[in-house]
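1. Quick one, fold the following:
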Amino acid sequence: MDFNNSHSTPPPFYGVHEVAAQVNAVMKRVYVRMFIGLLISAFCAMGVASSETALYFIVGNRIVFWGIAIAMIAMAWTIPARLQKMSSGTVLLLFMVYSALMGLFLAPIFVIYRLGTIVYTFFITAGMFGAMSVYGYFTKSDLSKMGSILVMALFGLIIASVVNIFWANSTMEWIISIAGVLIFCGLTAWDTQSVRKIASYNVDPSMADKLATMGAMNLYLDFINLFLFLLRFVGGGNRD
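-> Coordinates of the predicted model:
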């Protein structure tokens, strides 16, 4: 979601301290909800991976597996589009449902990669994500132009990934992985700055809460994608 397009205006009467307090409150909700989303995904993924029956039902059944993928794509488009028509509680619930579906979708990584590799990659991802998020939060530079370029690069990355599914070229896979890490590092900084900007606007409390959930969802997706691209690097020689 592009936070810069939200229907809000800069506060005409807020003092510096009031704005700072509002930004801190929103950002706290963003990171807490993002963390909860990651926990839900992790527990769902590990739960499915620990059950042969559940794993076969999801991964072995193409209708179920691709049904989950399509449902997530639909939710990723629908939630932002209907944001103003839904209550803040509904938006938060849908994000939690989305996180659970993502966990089901990612369950196979616990079969493909060793647990130690996954944990190691998770901590690397957390470090990189944290560094880029801190940069996006504190930098004085406007990252809007960079964000637009990264979004276009992301579409190119998606096309290249689809092509390589049929081409199956190892060099291309390596290039795609590098590009994915760089793109999602940049998107993490941009999304963080976007959330911080909108958090400083004078918006209705309920809308601010919805935007906090959307900010959490955007950063959650940045983290997940960064983790998956890094896992292809770190776990390349550690597949079971």
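2. Wait, residue 29 touches residue 214, no?
-> No. If you go by CB atoms under 8 Å, residue 29 and residue 214 don't touch, sitting 11.1 Å apart. Bear in mind the C-beta positions are built from the backbone N, C-alpha and C, glycine included.
3. The two - which one has more neighbours?
-> residue 214 (24 against 19; other CB atoms under 10 Å).
4. Figure out the helix or strand that that one lives in.
-> Following DSSP states H and E, one finds residue 214 within helix 205-234.
5. Rounded mean pLDDT for the longest helix along the chain, please.
-> Secondary structure of the chain per DSSP state H: the longest helix is helix 16-49. Helix 16-49 shows a mean pLDDT of 91.
6. And it, what does it pack against?
-> helix 52-59, helix 88-106, helix 109-112, helix 170-199, helix 205-234 (3 or more CB pairs under 8 Å, 6 or more residues apart in numbering; DSSP states H and E).
7. Let me see the residues that make contact with the shortest one.
-> The contact list for helix 109-112 (CB atoms under 8 Å, 6 or more residues apart in numbering) reads 45, 46, 49, 55, 118, 228, 231, 235, 239, 240.
8. hey, C-alpha coordinates of it in PDB?
-> Extracted C-alpha coordinates of helix 109-112, given in PDB (Å, rounded to 0.1, in the frame of the first residue of the first chain):
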ATOM      1  CA  ILE A 109      10.800 -25.200   3.900                       C
ATOM      2  CA  PHE A 110      11.000 -27.200   7.200                       C
ATOM      3  CA  VAL A 111      11.200 -30.300   5.000                       C
ATOM      4  CA  ILE A 112      13.600 -28.900   2.400                       C
END
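9. And it, what's buried?
-> Within helix 109-112, the residues scored as buried using 16 or more other CB atoms under 10 Å are 109, 110.
10. That one: how far from the chain's middle?
-> 20 Å (CA atoms, centre = their mean, to the nearest Å).
11. which is the next helix or strand following it?
-> helix 115-138.
12. any idea of the mean pLDDT for that following helix?
-> 95.
13. Now find how far off-centre the helix or strand following it is within its chain.
-> Next helix or strand after helix 115-138 toward the C-terminus (DSSP H and E): helix 144-167. Offset of helix 144-167 from its chain centre (CA atoms, centre = their mean): 16 Å.
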